[in-house]
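>>> Okay, here's the prediction I keep looking at, along with the sequence it came from:
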Amino acid sequence: MRFVVDTHFHPDHSFGNQVWSDQGATIVAHAAALDQLREFGPDAWAQQAKERPDVATSKLNFPSLIYSAGLTFDDGHHRVDLRWPGPAHTQGDTYAGSRARKS
């Protein structure tokens, strides 16, 4: 796994970051998702860690590849486009679209 995208900052979309980064993945997110994760993540993490052993034995891991308007990954075989639609469900939502390249 090369990249994992936090489609927004909510725990069910970001609290697995450590698991994926331990496997070598780079965590990707919109700048506003990172800001919100920094602001709200530590308190949400502490609360969840009280109730969930999997969270308690891991740690909050912030995305390290940040984009603002859009980001495209293209390895010549597949293309994945990440786009920020503006504030929607949260301030930092990401929409992802992909397609295989024709050979």
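Great, that's in hand.

>>> Just the local confidence number for P42, please.
You'll see P42 listed with a pLDDT of 94.

>>> Which pLDDT value belongs to D35?
97.

>>> same check, this time on E51
For E51, the model assigns a pLDDT of 93.

>>> Also the one 3 residues further on?
According to the model's per-residue confidence, D54 sits at a pLDDT of 89.

>>> Give me the contact list for stretch 87-96.
Taking contacts as Cβ atoms under 8 Å, 6 or more residues apart in numbering, the residues outside stretch 87-96 that touch it are 5-10, 29-36, 80-85. Heads up, the C-betas are built off the backbone N, CA and C, glycines and all.

>>> Out of those residues, which sit inside helices?
Counted as lying in helices by DSSP state H, out of these, are 31-36.

>>> can you pick the most crowded of those residues?
A33 (28 neighbours; other Cβ atoms under 10 Å).

>>> Contacts only, for that one.
Applying Cβ under 8 Å, 6+ apart to A33 gives the contacts 6-9, 14, 63, 90-94.

>>> measure it to H78 for me?
23 Å (Cβ to Cβ, to the nearest Å).

>>> again with S64
Taking Cβ to Cβ, one finds S64 at 22 Å from H78.

>>> Repeat that for P85.
22 Å.

>>> which of the ones in helices among the contacts of stretch 87-96 sit farthest apart?
Longest distance between any two of the ones in helices among the contacts of stretch 87-96 is 9.9 Å, between A31 and Q36; criterion Cβ to Cβ.

>>> In this protein, where is pLDDT below threshold?
Low-confidence segments of the chain (pLDDT under 70): 1, 103.

>>> Under a three-state scheme, what state does Q18 occupy?
For Q18, the assignment made with DSSP: H, G, I helix; E, B strand; the rest coil gives helix.

>>> i'd like the first residue to be 700 from this point on
In the new numbering, first residue 700, that becomes Q717.
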